[in-house]
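# model this:
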Amino acid sequence: MHRYREIARDLTIQIADGAFDATGMLPAEAQLAVTYAVSRGTVRNALLLMARQGAIAPRRGSGWLVRTTVQSQRFSEMRSFAQWAWSRGLEPGGRVISQQRRAASATEVRLFRGGQGIGEVLEVVRLRMLNGRVVMLERTAYPSWIAPLVEGLSPEEPSVVGALEARGARMVHGEHSIDAIAAPSEDARLLDVRRSSPLLRVNRVSYAADGRAIETGDDRYLPDVMSFQVQASLDGMSLTRQTS
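Numbers count the residues shown, from 1 in each chain. Model prediction:
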């Protein structure tokens, strides 16, 4: 067996054993070359083989991302991103990029018509992380009646949904639509990918028990770390969110 295939096999076994779960990344190529006492060219051949097999994926400027065991959540459970992550033993994170009040779009006026002051919304742009790794860019609009609660949260609050619920604004129903898009320049910069890279987009609307829309959002996921699966049967259909 070629040496690079032996290295690929050994690293794949380590991935299965959870050796790299703490960081989600393989060691640097130079470190692997020292570990296996081979040239960096041999290491690169091993990594390229693993990438073709779907075990790892390249991240520009970061090295090689481990494609971990699939985790999933049924959207019917109405869990937030952070709640879903915690339930799977993953550590969610968030960082606010911008937060501002602006005029509501025509669509937002229709969605938030049950609230007060619907001419204005609070728009928050955040990066979302799993175990410290950026996986999604989130743009969320909130009606003005709930905006003060959101503005009072920490910019690094891991679960806005949980924080709002603790303040009496509980989301009980959500609607989602999913499509694929090419990353525009701003998204590419924030997610550290090339412009026009494929992204998974989830448009969502969340509602309170009284039927009022609490938020509407546009979430853009990196495809190499997040995927969605639809399961259909005669009894209906369910949608799950997964880490790849």
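
# Which is the succeeding secondary structure element to the worst-scoring helix or strand of the chain on mean pLDDT?
Of all helical and strand segments in the chain, the minimum by mean pLDDT, DSSP states H and E falls on strand 71-74, at a mean of 47. Sequence-wise, the next helix or strand downstream of strand 71-74 (DSSP states H and E) is helix 81-87.

# List the pairing partners of whichever helix or strand comes after that next one within its sheet, with orientation.
Beyond helix 81-87 in the direction of the C-terminus, DSSP H and E gives the next helix or strand as strand 92-103. Strand 92-103 has its sheet partners listed here by DSSP bridges as strand 120-130 (antiparallel).

# How far off centre is the partner strand?
13 Å (C-alpha atoms, centre = their mean, to the nearest Å).

# who does the following helix or strand past it touch, helix- and strand-wise?
Where DSSP H and E defines the elements, the next helix or strand beyond strand 120-130 is strand 133-143. Strand 133-143 sits against strand 120-130, helix 185-191, strand 213-221, with contacts defined as 3 or more C-beta pairs under 8 Å, 6 or more residues apart in numbering; DSSP states H and E. For the C-beta atoms, the positions are set from N, CA and C on the backbone; glycine is no exception.

# can I get the ones you listed in TSV with mean pLDDT?
Listed next are the helices and strands packed on strand 133-143 as TSV, based on pLDDT from 0 to 100:
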stretch	mean pLDDT
strand 120-130	95
helix 185-191	94
strand 213-221	93
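
# Out of those, which gets nearest to D179?
strand 213-221 (10.6 Å; C-beta to C-beta).

# what lines up beside the closest one in the sheet?
strand 133-143 (antiparallel), strand 198-208 (antiparallel).

# Okay, domains of the chain per the record?
3-66, 71-243 (automatic domain parsing).

# got TSV for these, with mean neighbour count too?
Formatted as TSV, the domains of the chain follow (neighbours: other C-beta atoms under 10 Å):
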stretch	mean neighbour count
domain 3-66	16
domain 71-243	16
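
# for the residue nearest to G94 when sequence neighbours are not counted, which residues make a bridge with it?
The shortest distance from G94 to any non-neighbouring residue, by C-beta to C-beta, 6 or more residues apart in numbering, is to R126 (5.0 Å). Beta-bridge partners recorded for R126 (DSSP bridges): V96, E138.

# how near is R126 to A19?
Counting by C-beta to C-beta, to the nearest Å, the separation of R126 from A19 is 31 Å.

# one step back: now render the strands paired with strand 213-221 as a markdown table, adding mean pLDDT.
What follows is those, written out as a markdown table (pLDDT from 0 to 100):
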| stretch | mean pLDDT |
| --- | --- |
| strand 133-143 | 94 |
| strand 198-208 | 89 |
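
# Need those in TSV (columns: distance to E120).
Shown next, in TSV, are those (distance: least, C-beta to C-beta, whole Å):
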stretch	distance to E120
strand 133-143	8
strand 198-208	18
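
# which one of the ones you listed lies closest to D218?
The nearest among the strands paired with strand 213-221, by C-beta to C-beta, is strand 133-143 at 4.6 Å.
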